[in-house]
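Provide a 3D model corresponding to the input given below.
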Amino acid sequence: MLLQINNLHKDFKRGKETVHVLNDLSLDVEKGDFLALMGPSGSGKSTLLNMIGGIDRPSSGSLIFDEVPVHDLSEKGLSQWRADHVGFVFQMFNLMPVLNAWRNVELPLLLTKLGSKDRKTRSLAALDLVGLSDRATHKPGELSGGQEQRVGIARAIVTDPDLLLCDEPTGDLDRKSGDEILDLLQALNEQQGKTIIMVTHDLRAAERAKKVLYMEDGKISTTRNI
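Prediction:
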């Protein structure tokens, strides 16, 4: 088991009101899983993704990643754990416009002890894996939306993380580009063994996963195997 989430709660204060975003949520994720999280806006999907990725902390409950109690890590420990084990893919790509493709991919490696030559080698290898070796020196403004998202995926995998967290990775793309990104994610799951958790509103995207989890009122209401 790669990830065990037990009785997770996340509350936010809105004035004098307490908003319960995650409500006693439990979930097991096996190595090599490809999960799609679906549900209405406000159901807690992105909040759960942030909890799993160590971007935010739960109000209560536990999150165990490969026997490491992530919920108990210090801020420094959490930052290092995130850099070592998690890759993020965002809807809006979040690329640096002044940097070319391989420099964007290199960014997570700046937190490692790798030298500049090794960082470039790994960055170019990640771009090659997503089919963009011929665009390594192009800046985001010179790429299509689908190509930008491929750069985003290369950046997510350049550290060889155990877990990929994807928040609406096809939400800003046309159908053809979106299908190409989903093909790539499936290949990373099936051929590279990457564990993927993807938030999506698109049923066609969700059907690429191995399991679809429906969230409602801060908890998982149903699970469907594909």
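
so who does the residue nearest the centre of the chain touch?
Closest residue to the average C-alpha location of the chain: residue 165 at 1.5 Å, with C-alpha atoms, centre = their mean. By C-beta atoms under 8 Å, 6 or more residues apart in numbering, the residues touching residue 165 are 49, 52, 53, 86, 87, 88, 89, 196, 197, 198. Backbone N, C-alpha and C define where each C-beta goes, glycine included.

who are the neighbours in contact with the third one?
Listed by C-beta under 8 Å, 6+ apart, the contact set of residue 53 reads 82, 86, 88, 163, 165.

Among the residues you listed, which one sits closest to residue 224?
Ranked by distance to residue 224 (C-beta to C-beta), these are led by residue 165 at 20.4 Å.

hey, what's the closest one bridged with?
Assessed by DSSP bridges, residue 165 has beta-bridge partners residue 88, residue 197.

From residue 135, how far out is it?
Distance, residue 165 to residue 135, using C-beta to C-beta, to the nearest Å: 24 Å.

Give me the neighbour count for residue 166.
Other residues within reach of residue 166, judged by other C-beta atoms under 10 Å, total 28.

could you say what helices and strands the longest helix seen in the chain packs with?
In the chain, with assignment by DSSP state H, the single longest helix is helix 175-190. Helices and strands touching helix 175-190, by 3 or more C-beta pairs under 8 Å, 6 or more residues apart in numbering; DSSP states H and E, are strand 34-38, helix 145-157, strand 163-167, strand 195-199.

of all those, which lies closest to residue 70?
Using C-beta to C-beta, the helices and strands packed on helix 175-190 put strand 163-167 closest to residue 70, at 11.0 Å.

Give me the angle between that closest one and strand 34-38.
Taking axes from the mean of the first three to the mean of the last three C-alpha atoms, to 10 degrees, one finds strand 163-167 and strand 34-38 inclined to each other by 30 degrees.

List the contacts of residue 153.
89, 130, 169, 181, 184, 185, 188.

returning to what we had before: could you export the longest helix of the chain as PDB, CA atoms only?
In PDB, the C-alpha atoms belonging to helix 175-190 read as follows (Å, rounded to 0.1, in the frame of the first residue of the first chain):
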ATOM      1  CA  ARG A 175     -10.300  17.500 -27.100                       C
ATOM      2  CA  LYS A 176      -7.400  16.300 -29.300                       C
ATOM      3  CA  SER A 177      -4.700  17.800 -27.100                       C
ATOM      4  CA  GLY A 178      -6.600  16.600 -24.000                       C
ATOM      5  CA  ASP A 179      -6.600  13.000 -25.400                       C
ATOM      6  CA  GLU A 180      -2.900  13.200 -26.100                       C
ATOM      7  CA  ILE A 181      -2.200  14.200 -22.500                       C
ATOM      8  CA  LEU A 182      -4.400  11.400 -21.200                       C
ATOM      9  CA  ASP A 183      -2.600   9.000 -23.500                       C
ATOM     10  CA  LEU A 184       0.600  10.200 -21.900                       C
ATOM     11  CA  LEU A 185      -0.700   9.800 -18.300                       C
ATOM     12  CA  GLN A 186      -1.900   6.300 -19.100                       C
ATOM     13  CA  ALA A 187       1.500   5.400 -20.500                       C
ATOM     14  CA  LEU A 188       3.300   6.800 -17.400                       C
ATOM     15  CA  ASN A 189       1.000   4.700 -15.300                       C
ATOM     16  CA  GLU A 190       1.100   1.400 -17.300                       C
END
